[in-house]
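Q: sequence plus predicted model, see below.
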Amino acid sequence: MIQIEGVSHTYRTTDGRDIPALEGVSLEVREREFIALLGPSGCGKSTLLYLIGGFLPIASGSVRVHGTPVTGPGPDRGVVFQHFALFPWKTVLGNVLYGLEKLGVPRDVREKRAREFIDMVGLTGFEESYPSHLSGGMKQRAALARTLAIDPKVLLMDEPFGALDAQTRSLMQAELLAIWHRSPKTVIFVTHDVQEAVYLAQRVFVMSARPGKIKAVVETSFERSDPHIFKSKAFVDKVDEIWGLVRDEAMKAQKGRPF
Amino acid sequence: MRLGLVSADVLPSLSAVASAWWNLAIDPDLWRNAAASLYRGGAGLALAIVVGGALGIAMAWWRPVNALASPLVEMLYPMPKSALIPVTVLWLGFGDGSKILLIFLGCMLPVTLGAFNGARSCEQALVWSARSMGASRLNVLWDVVVPSALPELLNGIRTALALSFILLVSSELIVARAGLGYLIGFLGEGGVYDAMFAVVLMVAFLGFFADRVYMLAASRVLRWRD
């Protein structure tokens, strides 16, 4: 379970101005729940994810994961980044092995485990490839295998499919759901894609334009194994409803820019 | 073949240089001098790589180190290092020590700057990834920052390699009792110009060869790039 209470965050620009990114955010994510953080770009949704990850200092408010206050990064919270963040100097196998090495898993066990997860994401045969030789979708599969291999209780995903083409993205979404159904974890999925949020998450947290606050929480439980879900009226209505909430914020976010 | 544009003393024919080189090569003296040069260059360069690399990465990782060292680095960078030849001789005398110190001082800065720029270009997401997989901050330095710095660091070392030849030969020319630079000066003063040219060409070839071998090794180390 993740409890976030009254979290605010400001960051300082290079010319020394303080920009409020988050203001008084409170939310609770249940055990093994899949939630989406949805909002226009610059609303602080990634910042919130980094705070949970322990990458940024928590200046005000509190973030607790399974009752323990977050003080820094840790292997209980696995992260998948938009641009994969694979170690380019390591092969796919080397990347997946890295976390297992750091956690002190014995050599023969970690080798077997790494190959299992590479197989699970469909990268068998590419164990010895370097990331620069893989397509975007394959890189994200490798990154997913690397994170899942260390078996984190919480999965933090920062627009993980945002850099992929449309076909690859929808394939990856379906696979992520399949993986999550097989071994449910608590997932926090950051996205600005309404349809993606509605499809993947059980609850969608809509955030307001900067400074980010939680504007609305929408339940979005669908029978996701249905291949025609995207065309169903219930799904389309839900997307419309949430899109209505996001649109105002996206327009507000646009106003603060030159055009 | 000669066009007769310049006198044979000023620019001896290639065949004369080749036979002069052969006469030098069958005498162990040439190899003793070459070994002395190789030792000085190798030791100076190795020190520059280790110390310079560590300093550059430390400057990128710890702000106080950067605040302390960067004014010094910036001040020394444009200075012609050959100006240090008399200084190192004054400190360490005519032997190997002064040459090694000179090459170390002269070659360190390009390595430091390469390591510094490389380490600074290290992606935040890679550091965070490693940390979230259980790596300590020190682990991150070795596992993420150093390999991220490698491409630029290896570029800096290539510059240092070329510099090491320049500094080696010029310091040996000025004050030394052994080494290829010393041999060039000795043969030149003695008027044995074809032999002098032979040693000059040998140094040029060694420099070229070292650079090629280095590039080959570097591309092997960086084979993960594209």
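A: Perfect, thanks for sending it.

Q: for the stretch 1-150 of chain A, which residues are neighbours of chain B?
A: Those residues of the stretch 1-150 of chain A that sit near chain B, judged by C-beta under 8 Å from any C-beta of the partner chain, are A:50, A:53-55, A:72-75, A:77-79, A:81, A:83, A:85, A:87-90, A:98-99, A:102-103, A:130-133, A:146-147, A:150. For every residue, glycine as well, the C-beta is placed using N, CA and C.

Q: just the residues you listed: which are in strands?
A: In strands, defined here by DSSP state E, the members of the residues of the stretch 1-150 of chain A next to chain B are A:77-79.

Q: phi, psi for whichever residue of chain B sits closest to chain A please.
A: As assessed by C-beta to the nearest C-beta, chain A sits closest to residue B:133 within chain B, at 3.3 Å. According to degrees, to the nearest 10, the main-chain angles of residue B:133 amount to phi -100, psi 20.

Q: how about it, what does it touch?
A: When contacts are counted by C-beta atoms under 8 Å, 6 or more residues apart in numbering or on different chains, residue B:133 touches A:75, A:78, A:98-99, A:102-103, A:146-147, A:150.

Q: list the contacts of residue A:75.
A: Taking C-beta under 8 Å, 6+ apart, we find residue A:75 in contact with A:99, A:102-103, A:150, A:152, B:132-134.

Q: just the buried ones from these, in PyMOL syntax?
A: Buried residues among the contacts of residue A:75 (16 or more other C-beta atoms under 10 Å in any protein chain shown), as a PyMOL selection:
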select buried, (chain A and resi 99+102+150+152) or (chain B and resi 132+133+134)
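
Q: give me the number of residues near the closest residue to residue B:185 other than its chain neighbours?
A: Leaving aside its chain neighbours, residue B:185 sits nearest to residue B:173 (4.7 Å; criterion: C-beta to C-beta, 6 or more residues apart in numbering or on different chains). By other C-beta atoms under 10 Å in any protein chain shown, 18 other residues sit near residue B:173.

Q: again, but for residue B:164
A: Applying other C-beta under 10 Å, we find 24 residues neighbouring residue B:164.

Q: where does the residue nearest in space to the middle of chain A fall, helix, sheet strand or coil?
A: By C-alpha atoms, centre = their mean, chain A has its centre lying nearest to residue A:157, at 1.4 Å. Under DSSP: H, G, I helix; E, B strand; the rest coil, residue A:157 falls in the strand class.

Q: can you report how many residues lie near residue B:128?
A: Neighbour number of residue B:128 under other C-beta under 10 Å is 22.

Q: quick one: it and residue A:80 touch, right?
A: No. Counting by C-beta atoms under 8 Å, residue B:128 does not reach residue A:80; the two are 11.2 Å apart.

Q: could you pull out the helices for chain B?
A: B:14-25, B:28-61, B:63-76, B:85-92, B:96-120, B:124-132, B:137-140, B:146-174, B:180-189, B:193-221 (DSSP state H).

Q: typed the wrong thing, it's the stretch 1-150 of chain A
A: Using DSSP state H, counting those that start in this stretch, the helices of the stretch 1-150 of chain A run over residues A:45-53, A:92-102, A:107-120, A:136-149.

Q: next up, the contacts around residue B:167.
A: When contacts are counted by C-beta under 8 Å, 6+ apart, residue B:167 touches B:44, B:81-82, B:99, B:102-103, B:106-107.

Q: could you check the pLDDT of the closest residue to it other than its chain neighbours?
A: In this structure, residue B:167 finds its nearest non-sequential neighbour in residue B:106, 4.7 Å apart by C-beta to C-beta, 6+ apart. Residue B:106 is assigned 92 on the pLDDT scale.

Q: in stretch A:64-71, what counts as buried?
A: A:65, A:70.

Q: what is the mean pLDDT for that stretch?
A: For stretch A:64-71, the per-residue pLDDT averages 91.

Q: that stretch spans what distance, first to last residue?
A: 9 Å (C-alpha to C-alpha, to the nearest Å).
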